[in-house]
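Q: could you work out the structure for the sequence below:
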Amino acid sequence: MPLGGKKKKKGKKRPQPAKRKLRYREDGEKYAQVCSLLGDRRLEVKIPGEGVRKAHIPGRFRKRVWINKDNWILVQSRDCDSREDGYCDVMYVYNGDEVRRLERYGEIKIERSEDASEEDMFGNEFEELEEEEEPKYHKKRVEIEYPSSFTSSDEGASEGTEESD
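A: Residues are numbered from 1 along each chain as shown. Here you go, the predicted model:
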């Protein structure tokens, strides 16, 4: 009997991934930042102090780990490739929290320009607002004078007695 219906089509809610143990580099591995995606599981990465190289994403990451521009990754040079600008393989992909921890521990240094405005997590830039002397739109206060027939004489009498006490 075929299963169907609204509840079948909904995806299962999965729990948030647990905090991973921070992986540091080992011998022959280097930290790198993704410059561009070339397609066919290839990347162009910038290794601090060495320049730009091409990297290859292994099959074990395919459709499991997504790599985007400006992500930090751990790469390892290929032993069989003796060229300096040869290919390297992606060993690990860091998430945002891990990158901040690596920077705090002094493993990597993220270059930030001082002129650049801050960005929120969606990539929208914050602009600093200048204080204006007068706001563009200001509401006028209008005081309404009510006729004496709206105010009761009891209120005035009670106010007067409170002041004298």
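
Q: quick one: the strands in this protein, in order.
A: Assigned by DSSP state E, the chain shows strands spanning 29-39, 42-47, 51-56, 72-77, 88-93.

Q: elements contacting the fourth one?
A: Put plainly, it is strand 72-77. Contact here means 3 or more Cβ pairs under 8 Å, 6 or more residues apart in numbering; DSSP states H and E; on that basis strand 72-77 packs against strand 29-39, strand 42-47, strand 51-56, strand 88-93, helix 96-104. (C-beta placed from N, C-alpha, C; glycine too.)

Q: take these and write them to JSON lines, including mean pLDDT.
A: Below are the helices and strands packed on strand 72-77 laid out as JSON lines (pLDDT from 0 to 100):
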{"stretch": "strand 29-39", "mean pLDDT": "95"}
{"stretch": "strand 42-47", "mean pLDDT": "95"}
{"stretch": "strand 51-56", "mean pLDDT": "93"}
{"stretch": "strand 88-93", "mean pLDDT": "95"}
{"stretch": "helix 96-104", "mean pLDDT": "92"}
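
Q: out of those, which comes closest to Lys19?
A: helix 96-104 (7.6 Å; Cβ to Cβ).

Q: so that closest one versus strand 72-77, what angle?
A: Counting by axes from the mean of the first three to the mean of the last three Cα atoms, to 10 degrees, helix 96-104 lies at 70 degrees to strand 72-77.

Q: would you mark the buried spots in helix 96-104?
A: For helix 96-104, burial by neighbour count (16 or more other Cβ atoms under 10 Å) applies to 98-99, 102.
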